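*Asks:* fold the following.
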Amino acid sequence: MPVFPFRLHRVLLGGALLVASLPSLAAPARPALPRAAAPVAVDPTRYVLGPDDVVTVAVLRHPEFSSEDLVVPSSGSVILPVVGTIRFSGRTIAQVDAEITNKLRARLLHPEVSVLLSRPRPRPIYVQGAQSVDKTGGILEFKNGWRITQALAAAGGLVGNPDLAAVSVTRGGKVILDTPLSPILNDVTGKSDLPLQVGDTLRFYQRVVNVNVSGAVARTGTYPLPRGGGVVEAIGLAGGPTNEASLSKATIRRASGAIIGVNLFKALRENDPTQNLPLGEGDTINVPATQDRVSVLGEVKAQGQFMLEDGRVMRVSDALARAGGTTENAALTRATVSHTDGTTQPVNLYQIISKGDKSGDVILQAGDIVNVPRARGITVTGEVNRGGIIPMEEGQEPRILDVIAAAGNLAPSLKPERAHISIARMVNGKAITIEVNAPGLLNQTDLSQNSLVHDGDVISVSSIARVIVSIDGNIKMPGQYDVDTGDGVPELIARAGGATDEAALSRVSITRRGATQPVFISYVDAIKKGGVKPNFQLQNGDVVVVPRNESRATVLAAVNRPGNYALPEDRPTTIGDLLSLAGGTNFQAKTREVALLRKTPTGVQQFIYPMDRAGKDGTLAVNVPIQNGDVLFVPQVKTNPSVLSKLSGLLGTIGSVNLAFR
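*Replies:* Numbering: from 1, shown residues only. Here you go, the predicted structure:
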């Protein structure tokens, strides 16, 4: 470009401007520089430019003086064609526009300048711990008037529990706020909702410590515990303790490795605040399971061992409730509690259960055994409508008329004037017969005859007409008896005081006068269960023999009455029944397991049953059935294993001894 003297340059420039001002003489105007995308609508008098703002400078009809998408640098100044260096940062758009227009007047007569904001500089705020962090990278575009709640909503809401959440706000490298979030969310006035500024960093987090809960609780695992929370809150998060929990023996293992004890029974049951020890990050609370048990055997609905809940008192009535209650055949007045020191304590369950007298409700200790024997009931035979065993406990104080009524009253064919009633009763091991004035009792002309009856009594109701028969074997009073015409063996056995515990009622033999072979008939259902009596009437001269029950099992070692016992014929016999017959285990018993020896064609098998838990098939040891010839061995605490081997050798010298665990 040629160099002109200063005055000539001014003349040429002035002529050019003059020509340009005359449309008819000037060359056709060049098109304006195309603008960038639509500018951002802002108030040019208020918007203050800064680094990273993108602006466009447009000079009408002079694209050579225009510039698109200028990025304001960190220095704040931009060099423009012809105009030179212009300070953008810290000035409004209107101020920059005025300066450029003013400087262009040195070149143009009437410069028309437009400074437009193409894209405003980013105005970030940073959010941590919200839902949309993965999508936004934790950076949001600041909006004027934003407060904490608006920023949280724009970030997608909280990740965790609002009740446990907190927020911290960092501005200029300093934390200006760190507070629980819930009061801010619940503040309808908005006063606690801090106004935000560009560049603020918000961190949403949970004000919790992570603690571990193990042992006898509903749900073991790691739980977020509010800061300042203690063992009570941690156990609550784990669903609470189980019934097996030994609350007084809980421990806390600190993250440092230190172990301290804590009495959760006082903390949970007695609301003792001194035992609600605070927990820290990484602490572990362990609740052990109690090993203390009591056993309930005999006539209850669910025999077994039951846990002694830590810190609570268990009485006999509590143990019976855990066992489902007593059966209808329970001898309530003859229950016992066997203690680990070898003593046995009688308990009158009738007074406790029926009368509500809790004075005899014994407090149980670990290892105690509650035994509820089977009531013998009151047997009614002869000419009544429903003969059989009437399950009446002596604690109910039944009388003769009560029992006869329970048996359906006299048979229609029997008139009170022709009736004969006798009671067979065992007194101090001896059988006695009590004759009753039947006409006076039944007609209620002599109510002194309506005496109390006892458990095990046998009441015989018959007509005066009788035949003479003999009975022998395993009955309480063998001999000759007059029986009514039409009577059968059940009536005869009742007259003879009833069968002994050793009797085999399934093979009663009756030999007729002049016969060479006896007849064998089962009377188990008729006598034991009150079922239909076999259609076999006794005749004069009959000889009845009740054989010994050869279906037997033996109980050895640590029981109160070791021996050989007949297996009941009217029901299956279990280990629990056999232990009950033997008076339960004594104080020397190792009650965690028992051994059952059984002779088989291949040898003697030995089964070991755990008593403190169910077997692999879910069966409790007390419910395992007993077979004829079985030997139940209850080991003492220090029983030598060779004892079982010797017993197995006694049962069978041929075959192998197989050990099976169930």
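
*Asks:* quick check: residue 477 touching residue 494?
*Replies:* No: if you go by C-beta atoms under 8 Å, residue 477 and residue 494 don't touch, sitting 10.4 Å apart. For every residue, glycine as well, the C-beta is placed using N, CA and C.

*Asks:* what's the closest non-adjacent residue to the residue nearest the centre of the chain?
*Replies:* Nearest residue to the geometric centre of the chain (C-alpha atoms, centre = their mean): residue 218, 5.6 Å. Leaving aside its chain neighbours, residue 218 sits nearest to residue 239 (2.8 Å; criterion: C-beta to C-beta, 6 or more residues apart in numbering).

*Asks:* quick check on that neighbour: phi, psi?
*Replies:* phi 90, psi 0 (degrees, to the nearest 10).

*Asks:* is it true that it touches residue 220?
*Replies:* No: with contact defined as C-beta under 8 Å, residue 239 does not count as touching residue 220 (9.3 Å).

*Asks:* one step back: tell me who's in contact with the residue nearest to residue 218.
*Replies:* The neighbourhood of residue 239, defined by C-beta atoms under 8 Å, 6 or more residues apart in numbering, consists of 217-219.

*Asks:* apply 10 Å and report the result again.
*Replies:* The contact partners of residue 239, by C-beta atoms under 10 Å, 6 or more residues apart in numbering, come to 213, 217-221.

*Asks:* check it and give its pLDDT.
*Replies:* Residue 239 is assigned a predicted lDDT (pLDDT) of 94.

*Asks:* now do it against residue 211, distance only.
*Replies:* 14 Å (C-beta to C-beta, to the nearest Å).

*Asks:* a helix runs through residue 185, doesn't it?
*Replies:* Yes: under DSSP: H, G, I helix; E, B strand; the rest coil, residue 185 sits within a helix.

*Asks:* pLDDT weak spots in the chain?
*Replies:* Where the chain drops to pLDDT under 70, the residues are 1-37, 130-137, 392-396, 465-466, 485-486, 639-662.

*Asks:* hmm, 50 instead?
*Replies:* Scanning the chain with the threshold set as pLDDT under 50 gives 1-36, 134, 653-662.

*Asks:* can you show me the helices along the stretch 151-300 of the chain?
*Replies:* 182-186, 231-237, 264 (DSSP state H, counting those that start in this stretch).

*Asks:* can you say which of those is packed in most?
*Replies:* Per-stretch averages of neighbours, counted by mean count of other C-beta atoms under 10 Å, single out helix 264 among these, with a mean of 27.

*Asks:* which residues are in contact with that helix?
*Replies:* Residues contacting helix 264 (C-beta under 10 Å, 6+ apart): 231-232, 235, 241, 245-251, 272, 275-277, 285, 287, 310-311.

*Asks:* of those residues, buried ones?
*Replies:* 231-232, 235, 241, 245-250, 275-277, 285, 287, 310-311 (16 or more other C-beta atoms under 10 Å).

*Asks:* okay if I get the helices of the stretch 151-300 of the chain as JSON lines plus distance to residue 440?
*Replies:* Formatted as JSON lines, the helices of the stretch 151-300 of the chain follow (distance: least, C-beta to C-beta, whole Å):
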{"stretch": "helix 182-186", "distance to residue 440": "87"}
{"stretch": "helix 231-237", "distance to residue 440": "71"}
{"stretch": "helix 264", "distance to residue 440": "68"}
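
*Asks:* of those helices, which approaches residue 360 most closely?
*Replies:* The closest of those to residue 360 is helix 264. By C-beta to C-beta, the value is 32.7 Å.

*Asks:* quickly note the distance from residue 561 to residue 597.
*Replies:* 19 Å.

*Asks:* for these two, work out which one has more neighbours and name it.
*Replies:* Of the pair residue 561 and residue 597, residue 597 is the one with more neighbours under other C-beta atoms under 10 Å, namely 22 against 11.

*Asks:* that one contacts residue 626, correct?
*Replies:* No: assessed by C-beta atoms under 10 Å, residue 597 is found out of contact with residue 626, at 11.4 Å.

*Asks:* overlap in contacts, those two.
*Replies:* Contacts common to residue 597 and residue 626, judged by C-beta under 10 Å, 6+ apart, are residue 632.

*Asks:* please enumerate the strands of the stretch 551-662 of the chain.
*Replies:* Under the criterion DSSP state E, counting those that start in this stretch, strands of the stretch 551-662 of the chain are mapped to 552-557, 563-566, 593-600, 603-610, 631-634, 656-661.

*Asks:* pairing partners for the first one, with directions?
*Replies:* Strand partners for strand 552-557, identified by DSSP bridges, are recorded as strand 563-566 (antiparallel), strand 631-634 (parallel).

*Asks:* what would those look like in TSV with distance to residue 609 and mean neighbour count?
*Replies:* Formatted as TSV, the strands paired with strand 552-557 follow (distance: least, C-beta to C-beta, whole Å; neighbours: other C-beta atoms under 10 Å):
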stretch	distance to residue 609	mean neighbour count
strand 563-566	18	16
strand 631-634	9	24
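
*Asks:* could I get the ones you listed as CSV with distance to residue 192?
*Replies:* Output for the strands paired with strand 552-557, formatted as CSV (distance: least, C-beta to C-beta, whole Å):
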stretch, distance to residue 192
strand 563-566, 81
strand 631-634, 73
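
*Asks:* closest to residue 110 out of these?
*Replies:* Minimum separation from residue 110 across those (C-beta to C-beta) falls at strand 631-634, 121.6 Å.

*Asks:* could I get that closest one in PDB with only the CA atoms?
*Replies:* Presented in PDB, the C-alpha positions along strand 631-634 are these (Å, rounded to 0.1, in the frame of the first residue of the first chain):
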ATOM      1  CA  VAL A 631     -32.900-100.300  73.900                       C
ATOM      2  CA  LEU A 632     -32.800 -96.500  74.700                       C
ATOM      3  CA  PHE A 633     -29.500 -95.500  76.300                       C
ATOM      4  CA  VAL A 634     -29.400 -92.100  78.000                       C
END
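
*Asks:* any idea how far it is from the chain center?
*Replies:* 35 Å (C-alpha atoms, centre = their mean, to the nearest Å).

*Asks:* same question, stretch 330-339
*Replies:* Distance, centroid of stretch 330-339 to centroid of chain: 32 Å (C-alpha atoms, centre = their mean).

*Asks:* do the same with stretch 48-57
*Replies:* Distance, centroid of stretch 48-57 to centroid of chain: 68 Å (C-alpha atoms, centre = their mean).

*Asks:* buried sites along that stretch?
*Replies:* So, applying 16+ other C-beta under 10 Å, buried residues of stretch 48-57: 49-50, 53-57.

*Asks:* now the strands for the stretch 351-500 of the chain?
*Replies:* Going by DSSP E, counting those that start in this stretch, the stretch 351-500 of the chain shows strands at 369-372, 378-382, 388-390, 419-427, 430-436, 458-463, 466-473, 479-484.

*Asks:* quick one: list the elements packing against the first one.
*Replies:* Counting by 3 or more C-beta pairs under 10 Å, 6 or more residues apart in numbering; DSSP states H and E, the packing neighbours recorded for strand 369-372 are strand 293-298, helix 316-322, strand 335-338, strand 344-347, helix 575-581.

*Asks:* the fourth one too?
*Replies:* Under the contact criterion of 3+ C-beta pairs under 10 Å, 6+ apart, strand 419-427 touches strand 378-382, helix 400-406, strand 430-436, helix 438-442, strand 458-463, strand 479-484, helix 489-495.
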